[in-house]
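**Student:** how would this look folded up:
(one chain, ligands or ions: 3)
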Amino acid sequence: MAGIIVVGAQWGDEGKGKVVDVFSAHADLVVRYQGGANAGHTLVVNGVKTVLHLVPSGILHAKTMCMIAAGVVLDLEEVIKEIRDLKEAGVLTNPEQLKISDQCTALLSYHRKIDAAREAKAGLEKIGTTGRGIGPAYEDRASRKAILFGDLFDRERLRAKLEASLDEKNFMLTHYYKQEPVEVEPLYQRMLEMAAELEPYRSRDTSLLIHRALKSGKKVLFEGAQGTMLDLLHGTYPFVTSSSTLSGSACVGSGIGPSLMQKIVGITKAYTTRVGSGPFPTELDNELGDRLRREGGEFGATTGRPRRCGWLDLVALKYAIRVNGITSLALMKLDVLSGHERIDVCTAYRLDGQEIKELPVNSSDLSRVEPVYKSLAGWSDDLRNVRSIQDLPQAARDLIQFVASEVATPIDVVSVGPGREQTLWIKPLFS
Ligand code: GDP
Ligand code: IMO
Ligand code: MG
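**Tutor:** Ligands and ions are numbered 1, 2, ... in the order given. Modelled structure (predicted):
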């Protein structure tokens, strides 16, 4: 039994895609269990970049099977595009490499339309969503009106569900958002076409397949999307996504019990980024923040938006370790900190004149905290060609040691560049 959950420990974009790709060399199965095409996971292999939004990040390994489980909101147009691109690149050569659960919520053009209209109406109060229709699709699921991926293969049921759904959505689109309605017939016809194209990837029960794999000793990775602070219940509400991004969601989203999980690996950058609105205590709205953005290439993999940048926040990281039960960390993008004379790390907050070490869960309190920093010595060496922890400059090793000891959690992996080979192992993944 070896279920390993890879979860974002910050506000997303920590480098989960890279870690899952690297880990996948040793995995039999990789499962996406929540979120949708709001995710943008970047893999760099032999200098070639692949950005995945829905297909799991194990797909570049021919022998690793990938699954999209029930908890995902499946953007049908997007997954088709991704599959076509992967086929063209010679990667996805056999439909057995990718299975999509019948239980996934289908995400359609009208979800994106409602997402965009809602954000436009909110003006300055907007969440800054990725515009991928995530909120409206999960709303459909919660209100029990969702069209499921499996419905695509039953023409009559599909037609009835689409009509019912558009009846309501069009009322909202035209009357409330003053938008054009979505017509049933062309969308229905398009869905039939998409059903035909996606049928080879269809699985009636991914939970059963994952369960069998785990029980027979296969190694299964569960690939989280977004990050802890974007969790619907435990993130910086309302500036969050519409799914649970925590490790527990791996169980719920894939239909696997917690007792089958072995490890929970939290992914964190050596600094912090956030894209979209909401509190961000260590944000550097200055030249230093611009420098992190420039040197870290901090522009969204899904939307291209510039990411907000700041120092590493250990109060938030400790919170992530707690709410996810993280057993070890991967520390990403250490190379980006090269050349800074001093590196600040936030070890506490000040709120209403008091120093606190626990993250205030209320967003309005979190937006008022002042970070308390520990200043560490930097290094000038370029780390991108370093291939073992021992070869890192002392100051970089001190930073790793400091973080691990402050958050009382081992750092098993350190990353010094986007490429697979730029990965330094402290402890092997599967012992
Ligand atoms: P994800 O959403 O968590 O998978 O992360 P993204 O792919 O959205 O963003 C991470 C970005 O950092 C991507 O462009 C990666 O190629 C890149 N990256 C990952 N690890 C490293 C690293 O150690 N150093 C540098 N410089 N870039 C990295
Ligand atoms: P990956 O998996 C970073 C953010 C959006 C916005 C909020 C809600 O690549 O780490 P949504 O479209 O989900 O309704 O937007 O969540 N967001 C992400 N930020 N990485 C992501 O995914 C994100 N997915 C959503 O920017 O603030
Ligand atoms: Mg991303």
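**Student:** How far away from the center of its chain is stretch 399-411?
**Tutor:** In this view, stretch 399-411 has its centroid 23 Å away from the chain centroid, taken as CA atoms, centre = their mean, to the nearest Å.
**Student:** buried sites along that stretch?
**Tutor:** 399, 400, 402, 403, 404, 406, 407, 409, 411 (16 or more other CB atoms under 10 Å). Where you see a C-beta, it was placed from the backbone N, CA and C, and this is true even at glycine.
**Student:** Which ones among those residues lie within helices?
**Tutor:** Of the buried residues of stretch 399-411, the ones assigned to helices by DSSP state H are 399, 400, 402, 403, 404, 406.
**Student:** List just the nearest of those residues to residue 93.
**Tutor:** residue 400 (39.4 Å; CB to CB).
**Student:** Just give the closest residue to that closest one, not the sequence neighbours.
**Tutor:** residue 411 (5.7 Å; CB to CB, 6 or more residues apart in numbering).
**Student:** distance of the one you found from residue 155?
**Tutor:** According to CB to CB, to the nearest Å, residue 411 and residue 155 sit 52 Å apart.
**Student:** what sits against the residue nearest to residue 400?
**Tutor:** Counting by CB atoms under 8 Å, 6 or more residues apart in numbering, residue 411 touches 328, 329, 330, 331, 400, 403, 404, 426.
**Student:** same thing but 10 Å
**Tutor:** Residue 411 is in contact with 266, 268, 328-331, 389, 400-401, 403-405, 424, 426-427, counting by CB atoms under 10 Å, 6 or more residues apart in numbering.
**Student:** Measure how buried residue 28 is and give me the count.
**Tutor:** Neighbour count for residue 28, taken as other CB atoms under 10 Å: 19.
**Student:** That one reaches residue 212, doesn't it?
**Tutor:** No. Look at residue 28 against residue 212 with CB atoms under 10 Å: they stay out of range, at 11.1 Å.
**Student:** Need the overlap of contacts for those two.
**Tutor:** residue 218.
**Student:** What residues does the chain have near ligand 3?
**Tutor:** For the chain, the contact set with ligand 3 under CB under 5 Å from the ion comprises 13, 40, 301.
**Student:** Tell me the helix or strand right after the longest helix seen in the chain.
**Tutor:** When the chain is parsed with DSSP H, its longest helix is helix 155-171. Downstream of helix 155-171, the first helix or strand assigned by DSSP states H and E is helix 184-198.
**Student:** Packing partners of that following helix?
**Tutor:** With contacts taken as 3 or more CB pairs under 10 Å, 6 or more residues apart in numbering; DSSP states H and E, helix 184-198 sits against helix 76-88, strand 105-107, helix 109-122, helix 155-171.
**Student:** pLDDT on the third one, on average?
**Tutor:** With pLDDT averaged residue by residue, helix 109-122 scores 96.
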